[in-house]
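Visitor: structure for the following, please:
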Amino acid sequence: MATTQDIDLSDLDPAGEEDLPPVTENAGEKSEGEREPFRLLKSPIVLYRFLAGKPMLLAAAALLIGAAAAWGFLESPSWKRGNDPRSRPLGGSLSPEDSLRQEDLTRFYIPLPKDSENLVMVVDLSVVWDALAAVRFKKAEVGIRDRVYDSLSILAAKGEGVKENTLVIEEAISNVLRETLRAESLSVKVKEVKVF
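Guide: Numbers count the residues shown, from 1 in each chain. All right, here's what the predicted structure looks like:
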């Protein structure tokens, strides 16, 4: 069907065929010798022209590099690396005292015998032990606390002046912990004994 106006394709394309460059067989291909040096000379210029018009891109790149450098500096400062076990020389031996740490245990509430004037003895203590003993304690905490409770109940039933003599409590608790945790370097420090 014909419309009222016939459209001629040559009218839409103002550039005619005579304006185009002649087509040769090897027009898109260049020899290896002239391609590489041209690319090396062109790439820095192209990069410069690309970045010259975009100062915010340069500022963002500088900010990212600065943030990464600051993160690296803050994440592993030199004073922190000195305490890192991975930074120790291989020839040096690691002594058991290097891995000791102090932990506060939750309080023990020990009922006192019926004939005493008080009802409950509260023992607040901390333990210095190595990491292996701490892990063993965490795995079997209920059973170990039960044995410590039994030991302290026996001491309270004897009534040997437990409130005044905290060394007896420390010795009883450390004996139970050494036996159950199989720890050589372990010390117990009783912070406070209250009687209610």
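Visitor: so Ala134 versus Ala183, what's the distance?
Guide: Ala134 sits 9 Å away from Ala183, going by Cβ to Cβ, to the nearest Å. Glycine gets a C-beta too; all of them are placed from N, C-alpha and C.
Visitor: hmm, I typed the wrong one, I wanted Arg49.
Guide: Arg49 is 70 Å from Ala183, where distance means Cβ to Cβ.
Visitor: who has more neighbours, the two?
Guide: Ranked by neighbour count (other Cβ atoms under 10 Å), Arg49 and Ala183 place Ala183 first, with 19 against 9.
Visitor: right, and that one touches Val127 too?
Guide: No. In this structure Ala183 lies outside contact range of Val127 using Cβ atoms under 8 Å: 9.6 Å.
Visitor: which residues do those two both contact?
Guide: With contacts defined as Cβ atoms under 8 Å, 6 or more residues apart in numbering, the residues shared by Ala183 and Val127 are Leu177.
Visitor: and the helices in this structure?
Guide: 9-12, 32-52, 55-75, 78-83, 131-139, 141-158, 166-181 (DSSP state H).
Visitor: out of these, deepest packed?
Guide: Highest mean neighbour count of those: helix 166-181, a mean of 17 (counted as mean count of other Cβ atoms under 10 Å).
Visitor: nearest residue to Phe196 in space, please, no chain neighbours.
Guide: Val120 (4.9 Å; Cβ to Cβ, 6 or more residues apart in numbering).
Visitor: what about that neighbour, neighbour count?
Guide: Val120: 12 neighbours (other Cβ under 10 Å).
Visitor: identify the bridge partners of it.
Guide: For Val120, the beta-bridge partners under DSSP bridges are Pro111.
Visitor: correct me if wrong: it contacts Tyr109.
Guide: Yes. With contact defined as Cβ under 8 Å, Val120 counts as touching Tyr109 (5.6 Å).
Visitor: per-residue confidence for Arg147?
Guide: pLDDT recorded at Arg147 is 94.
Visitor: my guess is it contacts Thr180, does it?
Guide: Yes. Judged on Cβ under 8 Å, Arg147 makes contact with Thr180 at a distance of 6.3 Å.
Visitor: end to end, how far does stretch 124-141 reach?
Guide: Using Cα to Cα, to the nearest Å, the end-to-end distance of stretch 124-141 comes out at 16 Å.
Visitor: er, stretch 111-129 actually
Guide: By Cα to Cα, one end of stretch 111-129 lies 28 Å from the other end.
Visitor: okay, buried residues for that stretch please.
Guide: For stretch 111-129, burial by neighbour count (16 or more other Cβ atoms under 10 Å) applies to Leu112, Met121, Val123, Leu125, Val127, Trp129.
Visitor: would you turn those residues into a markdown table with pLDDT and distance to Glu171?
Guide: Formatted as a markdown table, the buried residues of stretch 111-129 follow (pLDDT from 0 to 100; distance: Cβ to Cβ, whole Å):
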| residue | pLDDT | distance to Glu171 |
| --- | --- | --- |
| Leu112 | 83 | 20 |
| Met121 | 87 | 16 |
| Val123 | 90 | 13 |
| Leu125 | 91 | 12 |
| Val127 | 93 | 13 |
| Trp129 | 90 | 16 |
